[in-house]
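Trainee: Just to be clear, the model below is a prediction. Sequence and coordinates:
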Amino acid sequence: MLIMNGTSFKEKAFKGFTLFSIAFFVVDLAYRSINDINYLTREKCILYRMLPKAGFLFFEYFIELLMIVVVGIFIAVLLESYFSKYKRFFPKSTITAFLYASFLPVCACTAIPLIKYMKDRMRLRTIITFIVAAPLLSPYIIMLSFSVIGVKYGILRIVSSCILAFFSGVVVEFFHERENASQPDIDNVLIGQAGCDACNSQACYLNKTDIYIETYEMFKKVFPFLIIAGVVGIVIEYVAPVNLLVKHIIPNNIIGIMLAVLVGIPVYLCNGAEVLVLRPLIHAGGFSLGTAMAFSLASTSVCITSLAMLIKFLGRKLTFILLSYIIIATVIIGLAINLIV
């Protein structure tokens, strides 16, 4: 329902949900930081102790995830609404995109919605570099890497992340331009819709300065993909693929690296959680730095949730190309590190 001279209940409700999500995001980040709560120490969380496992996973993969995505979309809309006129502040190359992303403490689910609003100001390779680099590095992850595992791992983490993110943009843009050489309308392919004049979305008829309505319109389109991602994420939690790495000796060769990559991709790890997973695997499990790096890159650059969102924003084909590149590049990086170090 749309009320031209007022605000509908639905719009008010979503505005309230957006503001609540922002407050929750800030409080949750502070709570986790103060109490040192991460993927491996979730049992310290008060909700983990209060709820059964199924209830906690439902909260983590549906409620919390929805709020994080709302915050990401809201930030993207906010940037579009208030900072689009300052184009000089947008990264103009893959190098600056990597540097920008490395200083932002955001996960892939928060960064991916920026695709829609960055597409008119940056090349596709710059956008892809940004969203791949964002979950790979942040000041906290860099500090954690050096302090928990060591200087050598920390340096390799930065260099490997740069290589993976930089060439991800080059590869995706190459296939995109090759596929659409005879179809100049890039927006239709990237976002899956034509411009405002051709669509029937409510947002086309609303005041573009209303950031909450724009956030709502984008969230509606992403919501089905989040539900699918949440279901798959919970299933993977019960399968617990990381236990394969913990309980079994993984060879430090191409087979071991490929297994580390295949285990890492579906796992929901972010904000440096994979570094804490790797510490005992390196010090007690005999993981080589190459195998460890392959797991780090695979488990943070993409996950089930981010893949679902990428399908919405990039389309199935470009998402498949990006995932294939990450798998192949991560295996090659892991092998190279094992040979050199």
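Mentor: Noted; the coordinates are in hand. Numbers count the residues shown, from 1 in each chain.
Trainee: helices or strands up against the strand or helix carrying residue 22?
Mentor: In the assignment (DSSP states H and E), residue 22 maps to helix 9-35. Under the contact criterion of 3 or more C-beta pairs under 8 Å, 6 or more residues apart in numbering; DSSP states H and E, helix 9-35 touches helix 64-83, helix 211-239. In short, each C-beta sits where N, CA and C put it, glycine included.
Trainee: which element follows the first one toward the C-terminus?
Mentor: Which is helix 64-83. helix 94-102.
Trainee: any residues touching that next one, and which ones?
Mentor: Contact with helix 94-102 is made by 91, 111, 122, 125-127, 129-134, 136-138, 142, 161-162, 165-166, 169-170, as judged by C-beta atoms under 8 Å, 6 or more residues apart in numbering.
Trainee: Just the mean pLDDT for the stretch of helix or strand residue 290 belongs to, thanks.
Mentor: Here residue 290 sits within helix 289-301, counting by DSSP H and E. Here helix 289-301 scores 88 as its mean pLDDT.
Trainee: Can you name the element that comes right after that helix?
Mentor: Using DSSP H and E, the first helix or strand after helix 289-301 is helix 304-314.
Trainee: helices or strands up against that following helix?
Mentor: Identification of packing neighbours for helix 304-314 by 3+ C-beta pairs under 8 Å, 6+ apart yields helix 108-111, helix 114-118, helix 186-191, helix 211-239, helix 316-340.
Trainee: Tell me the helix or strand right after the host helix or strand of residue 133.
Mentor: Applying DSSP H and E as the criterion places residue 133 in helix 124-136. Downstream of helix 124-136, the next assigned helix or strand under DSSP H and E is helix 139-144.
Trainee: Which positions in that following helix come out as buried?
Mentor: Buried positions in helix 139-144, judged by neighbour count with 16 or more other C-beta atoms under 10 Å: 141-142, 144.
Trainee: can you give me the end-to-end distance of stretch 142-162?
Mentor: Stretch 142-162 has its terminal residues 13 Å apart, counting by C-alpha to C-alpha, to the nearest Å.
Trainee: Just the mean pLDDT for that stretch, thanks.
Mentor: What stretch 142-162 shows for mean pLDDT is 87.
Trainee: Quick one: residues in contact with that stretch.
Mentor: Residues outside stretch 142-162 that contact it (C-beta under 8 Å, 6+ apart): 98, 102, 133, 136-137, 141, 272, 275-276, 278-279, 282, 289, 292-293, 296-297, 333, 337, 341.
Trainee: Any quick ChimeraX command for the buried ones out of the residues you listed?
Mentor: Only the buried entries of the contacts of stretch 142-162 go into this ChimeraX selection, using 16+ other C-beta under 10 Å:
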select :98,102,133,136,137,141,272,275,276,278,279,282,289,292,293,296,297,333,337
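Trainee: just to revisit the earlier point, and the helix holding residue 133, what does it pack onto?
Mentor: Contact here means 3+ C-beta pairs under 8 Å, 6+ apart; on that basis helix 124-136 packs against helix 94-102, helix 108-111, helix 114-118, helix 151-179, helix 289-301, helix 316-340.
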